[in-house]
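Asker: this is the structure alone, sequence omitted:
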Ligand SMILES: [K+]
């Protein structure tokens, strides 16, 4: 039953067994083809297994579903160094701190250091772990070490 | 170049399956 598959899937996730998690998510999807939890688990597990191409093709084949995977898509493009595609996928999500973090990392790679730093400075209130590491890296790269 | 951490990766997480098991 689907409940048993989700129990197995959850166990793989807890054990960081991402390739097995993908397989079990696919088993769920073979029974309930549009199950949002299973699709999300499959995409996240593919990302965590470093199977970025497969994560993107899964997102692509879920396009017709009313589920917003644009953050995952942006992240996958970022990992493939397709930075303009990544930024485009983030459009409209500017409010979320996850999207802001990713946007800042993309801008850093594009060499848009001041824009990248502006976002980190906005995020400082949000108490994100290790944020100051990227903030300092940005300040050093931008020649703003005195700040 | 200073190291930039992939903090966006840390925000990517599985949905809760609590009600599905
Ligand atoms: K969609």
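Answerer: Great, that's in hand. The shown structure was predicted, so the numbers you read here are calculated from the model rather than taken from an experiment.
Asker: pull up the residues of chain A that are close to chain B.
Answerer: Residues of chain A lying near chain B by CB under 8 Å from any CB of the partner chain: A:2-3, A:6-7, A:9-10, A:13, A:36-37, A:40-41, A:44-45, A:47-48, A:72, A:75, A:78, A:97-98, A:101-102, A:105, A:108, A:128-131, A:133-134, A:136-138, A:140-141. (C-beta placed from N, C-alpha, C; glycine too.)
Asker: just the buried ones among those residues, please.
Answerer: When the residues of chain A next to chain B are checked for burial by 16 or more other CB atoms under 10 Å in any protein chain shown, the buried set is A:2, A:6, A:9-10, A:13, A:37, A:40-41, A:44-45, A:47-48, A:72, A:75, A:78, A:97-98, A:101-102, A:105, A:108, A:128, A:131, A:134, A:136-138, A:141.
Asker: what about the helices in the chain?
Answerer: If you meant another chain, say so; for now it's chain A. For chain A, the helices defined by DSSP state H cover A:2-14, A:18-31, A:36-48, A:52-61, A:70-79, A:83-90, A:97-109, A:113-123, A:131-141.
Asker: the intended chain is chain B.
Answerer: B:7-10.
Asker: quick one: closest of the helices of chain A to residue B:21.
Answerer: Proximity to residue B:21, assessed across those by CB to CB, is greatest for helix A:2-14 (4.5 Å).
Asker: that concludes my questions; thank you for your assistance.
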